[in-house]
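**Student:** Below: sequence and its predicted model.
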Amino acid sequence: MEPHPDAPGPGSKLPQHYEQCFGCGDEVDAGLHIRSAVGDGMVVHSTFTVTEAHQGAPGLAHGGLLACAFDEALGSTVGNLLRRPAVTGKLETDFRRPVPVGSTLHIAAKLDGVAGRKIYASAEGRLDADDGPVAVRARGLFVSVDFTHFTTHGDVNALEKFRAARKARPEKDWDINP
Ligand SMILES: CCCCCCCCCCCCCCCC(=O)SCCNC(=O)CCNC(=O)[C@H](O)C(C)(C)COP(=O)(O)OP(=O)(O)OC[C@H]1O[C@@H](n2cnc3c(N)ncnc32)[C@H](O)[C@@H]1OP(=O)(O)O
């Protein structure tokens, strides 16, 4: 599958897509603060460091937050490589090992296929290194949507603020209303 001709190439760091996103936003103190970059072969590498704010059992990451990390990593892979707005339709996770507070999950995500509006992607998360033991695997189905999805269902004032902030960014890579 070919990426969009304007997709960021290998070595590109991906910007947070929204400052108040729980997955990647800097403005969410207890958020996941995921950071992503494009690697070779259209694989997107993301890291998520588990803090005390992310616990389920004492000292261990909550499974739902791990699923959130994969939603973000997969969504970012889809959005950046295909440059299409898309939302998660389905997300499946396999939790293979506990993920302790203080550990960093190294997530490698890739596109698996596109069928009409349906986009399939999958990822693997390894503990503390790109070649560490596999802790979580995930598969997602994303559905391409028009930008009206966000204006119809989201907060229009927040979207307007978001659009203005993106226009002001020197590294602006896409516009919410191109
Ligand atoms: C511009 C450049 C960007 C650049 C850089 C951006 C970076 C960007 C990073 C973002 C990173 C954020 C990552 C977090 C992303 C979220 O977390 S998104 C939030 C969670 N998801 C949602 O809120 C979605 C809620 N659901 C919906 O709005 C609607 O159900 C949907 C998904 C839009 C689909 O509704 P619809 O438009 O009416 O379409 P519908 O005909 O039902 O479905 C279309 C096709 O998908 C299939 N489908 C839909 N849902 C499912 C399902 N659950 N299971 C199986 N098949 C399904 C349908 O069967 C149908 O298949 P076909 O008939 O075409 O074969």
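**Tutor:** Looks like it arrived, so ask away. Numbers count the residues shown, from 1 in each chain.

**Student:** Now do the strands for this structure: every range, in order, please.
**Tutor:** Along the chain, the stretches classed as strands by DSSP state E are 13-14, 35-38, 44-49, 86-95, 104-115, 118-127, 134-144.

**Student:** show me the residues around Val43 that make contact.
**Tutor:** Applying CB atoms under 8 Å, 6 or more residues apart in numbering, we find Val43 in contact with 108-110. Every C-beta, even on glycine, is put in place using the N, C-alpha and C of the backbone.

**Student:** okay, the strands of the chain in TSV with mean neighbour count next?
**Tutor:** Formatted as TSV, these follow (neighbours: other CB atoms under 10 Å):
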stretch	mean neighbour count
strand 13-14	16
strand 35-38	20
strand 44-49	22
strand 86-95	15
strand 104-115	18
strand 118-127	21
strand 134-144	20
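
**Student:** and of the contacts of Val43, the nearest to Gln16?
**Tutor:** Ala109 (16.2 Å; CB to CB).

**Student:** Can you tell me which residues in this structure are near the ligand?
**Tutor:** Contact residues (CB under 6 Å from any ligand atom) of the chain with the ligand: 17, 71-72, 75-76, 79-80, 83-85, 87-90, 116-118, 141, 143, 145, 174.

**Student:** Tabulate the contacts of Val43 (JSON lines), appending pLDDT.
**Tutor:** Output for the contacts of Val43, formatted as JSON lines (pLDDT from 0 to 100):
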{"residue": "Ala108", "pLDDT": "98"}
{"residue": "Ala109", "pLDDT": "98"}
{"residue": "Lys110", "pLDDT": "98"}
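
**Student:** Take the residues you listed and lay them out in JSON lines including distance to Gly39.
**Tutor:** Output for those, formatted as JSON lines (distance: CB to CB, whole Å):
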{"residue": "Ala108", "distance to Gly39": "7"}
{"residue": "Ala109", "distance to Gly39": "10"}
{"residue": "Lys110", "distance to Gly39": "10"}
